[in-house]
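*Asks:* Next one to model:
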Amino acid sequence: MLSDIQQCSLDLALELKNICEQNNLKYFISGGTVLGSVRHSGFIPWDDDIDFAMPRSDYEKLKTIIKNNKSSRYWLVTYENNQEYNEANMKFVDKDTLLLDETTLIPQKVNVWVDIFPLDGLPSNEKKRQRYFKKLLFLRMIYQFSNIKHINTLREDRKLIEQVLIKIAQLIPLNKIFNTKKRLKIIDNYLKNISYEEANYVFVGMGIHKEKEIFLKSVYEPGQLMDFENEKFIGPHDKKIFLTQFYGDYLKIPSTDKQIAHKLTVVEWRGKKK
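*Replies:* Residues are numbered from 1 along each chain as shown. Presented below is the predicted three-dimensional model:
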């Protein structure tokens, strides 16, 4: 049986899927949602959110569509339309919910959400691709310094140098030097240099898996229907390559100490305080 948060996330995903289908927008379920589909036929038991990825052009169209069709319940949160939100990707949220998220250094009040990530292109030439990606890593580092108070503290896959830099950034008020909104805009503009449609290699540039996010576009295209909690969503065309690159032996259940979940507490639900 799904938790309230999982069921709400699924409802959001179905609403988002309908919007995409009605407006001929391309999407793929992504990340842990693909893993959950293959290994659990739905949610990873200790997880509660859903990830979508969309070609940048469709991602931008979605912003306009939802802005022009305001719903009393659903909304799209971006760093551009929400002063308190400083993440690179968009979130499709249920405004009738309110949670306390203690995953970050400073707890935040959030709505139940579906993450939506843009898919962008990369150079076909390997050396150019490496240079392009290294510059992005530098831009990401400056952004993380600027947004250090909201960095995910539960991730255990960070390299030692990254952990050291985060500790230094926590001691030095770099967020007062670098403006987070400006850093995100710089990254967005950089990622838009190569379109998904024209590229042979594509990636979620701000994805947590970094270089493992880089795939031949044929891994995504043309997509395939995947089962998720008795519903159907479009996922990557080659789910085996996708999941192996991200997770290695993806069918193996991780040990309990590696089963990392969001630290979420319900504050308000459908107008009722908890």
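*Asks:* Can you find the helix or strand of the chain with the lowest average pLDDT?
*Replies:* helix 160-171 (a mean of 60; mean pLDDT, DSSP states H and E).
*Asks:* What strands line up against the one helix or strand Val202 maps to, and which way round?
*Replies:* Following DSSP states H and E, one finds Val202 within strand 201-203. According to DSSP bridges, strand 201-203 forms sheet pairs with strand 108-122 (antiparallel), strand 215-216 (antiparallel).
*Asks:* So what touches the last one?
*Replies:* When contacts are defined by Cβ atoms under 8 Å, 6 or more residues apart in numbering, strand 215-216 is touched by residues 200-203, 236, 241-242, 245. To be clear about C-beta, it is placed using only N, CA and C from the backbone, and glycine gets the same treatment.
*Asks:* if we can go back for a sec, which of the strands paired with strand 201-203 sits closest to Ile186?
*Replies:* strand 108-122 (14.3 Å; Cβ to Cβ).
*Asks:* deepest of the strands paired with strand 201-203, which one?
*Replies:* Sort the strands paired with strand 201-203 by mean neighbour count, taking mean count of other Cβ atoms under 10 Å, and strand 108-122 sits at the top with a mean of 22.
*Asks:* what are the ranges of the helices in the stretch 151-274 of the chain?
*Replies:* 160-171, 180-191, 217-220, 239-247 (DSSP state H, counting those that start in this stretch).
*Asks:* how far does the shortest one sit from the chain's center?
*Replies:* Going by Cα atoms, centre = their mean, to the nearest Å, the spacing between the C-alpha centre of helix 217-220 and its chain's C-alpha centre is 18 Å.
*Asks:* go on, stretch 125-145?
*Replies:* Centre to centre, stretch against its chain (Cα atoms, centre = their mean), the figure for stretch 125-145 is 18 Å.
*Asks:* can you tell me the average pLDDT over that stretch?
*Replies:* Averaging pLDDT along stretch 125-145 gives 95.
*Asks:* Okay, and Lys95 sits in which element?
*Replies:* Per DSSP H and E: strand 90-101 holds Lys95.
*Asks:* which other residues reach that strand?
*Replies:* Contacts of strand 90-101 (Cβ under 8 Å, 6+ apart): 5, 8, 11-12, 15-16, 52, 59, 62-63, 66, 72-78, 85, 107-116, 262-271.
*Asks:* Can I get that strand in CSV, CA atoms only?
*Replies:* In CSV, the C-alpha atoms belonging to strand 90-101 read as follows (Å, rounded to 0.1, in the frame of the first residue of the first chain):
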residue,chain,number,x,y,z
MET,A,90,11.5,22.5,-12.0
LYS,A,91,9.1,20.9,-9.6
PHE,A,92,5.5,20.1,-10.4
VAL,A,93,3.7,20.5,-7.1
ASP,A,94,0.4,19.9,-5.2
LYS,A,95,-0.4,23.2,-3.5
ASP,A,96,-2.8,21.4,-1.1
THR,A,97,0.1,19.7,0.7
LEU,A,98,2.8,21.1,2.9
LEU,A,99,5.8,19.1,4.2
LEU,A,100,8.9,19.8,6.3
ASP,A,101,12.0,18.6,4.4
